[in-house]
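>>> here is my input, please return the structure:
(one chain, ligands or ions: 1)
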Amino acid sequence: NPLDDPNTDPFEVAAAAAADIARLTGAESHDIALTLGSGWGKAADLIGETTATIPATEVTGFSKPALEGHVGTLRSILTPEGRRVLVIGARTHFYEGHGPRRVVHSVRTAAATGAKTMVLTNGAGGIRHTWKPGQPVLISDHINLTGASPLEGATFVDLTDLYSMRLRDLARRIDPTLDEGVYCQFRGPQYETPAEVQMAKTFGGHIVGMSTALEAIAARQAGMEVLGFSLITNMAAGIQTTPLSHAEVIEAGREAEPVISDLLARVVAA
Ligand SMILES: Nc1nc2[nH]c(I)nc2c(=O)[nH]1
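So this is what the prediction gives:
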């Protein structure tokens with residue numbers, strides 16, 4: 001992968017990837033990019049007409065997804081309003097150990113296709129006791145616990161209002177019941193210990209996950225407006241006193257699917 005060579009300029013790789021996408025999808029530019037995390041796989045179906053689906057491996061700088069269930073495709077969708085949505089089903093996680101450049105390549109590529117809005121979705125653990133598995137929540141801010149950054153050199157980027165208040169207000173107009181919280185990105189791949197969850201809770205975190213923060217930083221560097229959604233698939237370790245059954249998590253995710261798909265389609269159309 002060209003991104004693994006430190007002498008490669010990641011923005012040149014993103015430009016090449018954007019050219020591949022334009023050629024392979026026939027859409028010379030895209031307006032909005034959407035990354036689908038765990039549980040959000042079907043959310044793109046309601047957004048509009050899929051005019052092209054391409055294997056991510058055919059696009060410069062993308063590689064085979066390590067995690068089954070994370071489809072390795074890129075989709076171009078035309079919404080009824082005539083907007084072009086690039087759906088990224090090929091997320092690279094930091095825990096795969098390929099470095100932050102590979103994690104944020106999809107965001108930089110989306111920006112290079114012309115997208116001005118980056119919608120980041122993920123599956124995550126919930127710390128707020130009022131939340132339940134299957135509930136989507138808005139991300140209001142993040143705490144980056146990875147010890148890493150996609151930014152290289154003296155790239156001092158301001159992250160105030162990184163998770164756009166304007167887009168959160170728009171989402172709340174569509175679904176006033178939407179709650180929000182601070183997302184903590186842990187390195188993973190292990191889940192947090194109960195003590196780590198209490199640490200996150202103590203310093204103001206409400207959601208624990210293993211993605212999104214690094215991608216959001218790169219989106220801001222690229223000048224995109226960012227909206228983040230977490231699907232709370234489980235309560236974080238130690239929050240739920242009863243043992244968490246995987247079947248419950250799967251069931252919660254399945255029940256949430258139509259709700260979050262409709263929500264996402266309406267937010268993207270707005
Ligand atoms: N770090 C972290 N990531 C997650 N992803 C999902 I789905 N659930 C969790 C969780 O409880 N913790």
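>>> in the longest helix that the chain contains, which residues are buried?
Longest helix of the chain, by residue count under DSSP state H: helix 246-269. Within helix 246-269, the residues that count as buried by 16 or more other Cβ atoms under 10 Å are 248-249, 252-253, 256-257, 260-261, 263-269. Backbone N, C-alpha and C define where each C-beta goes, glycine included.
>>> tell me which of those residues is nearest to residue 199?
Distance to residue 199, by Cβ to Cβ, is smallest for residue 249 among these, at 23.0 Å.
>>> that closest one reaches residue 133, doesn't it?
Yes - the criterion here is Cβ atoms under 8 Å, and residue 249 meets it with residue 133 at 6.0 Å.
>>> what touches both of the two?
Shared contacts of residue 249 and residue 133, defined by Cβ atoms under 8 Å, 6 or more residues apart in numbering, comprise 233-234.
>>> how about the contacts made by residue 75?
Residue 75 makes contact with 44, 50, 52-54, 86-87, 89, according to Cβ under 8 Å, 6+ apart.
>>> now with 10 Å?
25, 34, 36, 44-45, 47, 50-54, 85-89 (Cβ atoms under 10 Å, 6 or more residues apart in numbering).
>>> quick one: stretch 28-44 near the ligand?
Yes - legend: contact between stretch 28-44 and the ligand by Cβ under 6 Å from any ligand atom is shown at residue 38.
>>> now that stretch: buried residues?
With burial defined by 16+ other Cβ under 10 Å, the residues of stretch 28-44 counted as buried are 30-41, 43-44.
>>> mind putting those residues into TSV with secondary structure and pLDDT?
Formatted as TSV, these follow (DSSP: H, G, I helix; E, B strand; the rest coil; pLDDT from 0 to 100):
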residue	secondary structure	pLDDT
30	coil	98
31	coil	97
32	strand	97
33	strand	97
34	strand	96
35	strand	96
36	coil	92
37	coil	90
38	coil	84
39	coil	84
40	coil	88
41	coil	83
43	helix	84
44	helix	87
